[in-house]
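Student: Provided below for reference: sequence and predicted model.
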Amino acid sequence: MNQNQLAAVIGEVLGEVLGDDGIEGDDEVGARRRRGGMLRLPPKPAWRRQVITPGVNAPSVGTIPLPLVPDAGGGTFTSALTFINFRARPQKPFQGQRLLAQVFRTGASASGLAAVTSGVFIGTDLQQGQIGQYNLEFFTPTAFGVSMVFQPAEAGIDIVVPVNLTGALAPGDLLSVQLLILGETIR
């Protein structure tokens, strides 16, 4: 068998296996002709567009909450507890975009106090333009136009928000703080 004959036989076999029906100019491998045209699969639904192959998703970005966990008192300030670090250690690369804070007060002395922070720290990097304190209630869930773009944090990097009160609580009065950062992560 000469090379031309061998090529023709291989072409016929591969065409039959891969779906080439011998039509000149038809370069679509695996497509089969049916009466009236090619058999086409329906388009993927939008939620499947990130799937490379079944079971393998393409990298994508999603917005998720990152709760900051208090290191003392469960986030509740008392007359004896006046300073709390709120901490998170994301398990995937994370870039914060919005700090959310809720402050709850119990007692007369708590009504005149503010929970303030000296900043958000991503690792050792301060996420503000100047050293100074600001009230966490600027970042309540209903606050408008307070989004930020924090420095990205690699997996395992500490995100810390140190919080203290602007004055002293009377015994029995409480001020509780909850913090959360909304941001993007790679999935």
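Tutor: Received, thanks. Residues are numbered from 1 along each chain as shown.
Student: helix, strand, or coil at residue 137?
Tutor: Classification of residue 137 by DSSP: H, G, I helix; E, B strand; the rest coil places it in helix.
Student: buried ones in stretch 140-157?
Tutor: 150, 152-153, 157 (16 or more other Cβ atoms under 10 Å). All C-beta atoms are positioned from the backbone trio N, CA, C, and that covers glycine.
Student: run the chain-centre distance for it.
Tutor: Put simply, stretch 140-157 sits 11 Å off its chain's centre (Cα atoms, centre = their mean, to the nearest Å).
Student: can you give me the end-to-end span of it?
Tutor: Start-to-end span of stretch 140-157 (Cα to Cα, to the nearest Å) is 25 Å.
Student: what segments of the chain are helices?
Tutor: Secondary structure of the chain (DSSP state H): helices at 3-18, 108-111.
Student: go through these and find the least confident stretch.
Tutor: Of all those, mean pLDDT reaches its minimum on helix 3-18 (a mean of 63).
Student: what sits against the residue nearest to residue 149 when sequence neighbours are not counted?
Tutor: Leaving aside its sequence neighbours, residue 149 sits nearest to residue 97 (Cβ to Cβ, 6 or more residues apart in numbering; 5.9 Å). Contacts for residue 97 (Cβ atoms under 8 Å, 6 or more residues apart in numbering) come out as 63, 147-150, 181-184.
Student: how about a cut-off of 6 Å?
Tutor: Residues near residue 97 by Cβ atoms under 6 Å, 6 or more residues apart in numbering: 147, 149, 182-183.
Student: strands along the chain, start to end?
Tutor: 33-34, 37-38, 51-53, 56-57, 61-70, 76-77, 83-88, 94-106, 115-117, 121-122, 125-126, 134-135, 159-165, 174-186 (DSSP state E).
Student: how many residues are close by residue 186?
Tutor: Neighbours of residue 186 under the rule other Cβ atoms under 10 Å: 13.
Student: which residues touch it?
Tutor: Here residue 186 is in contact with 59, 93 (Cβ under 6 Å, 6+ apart).
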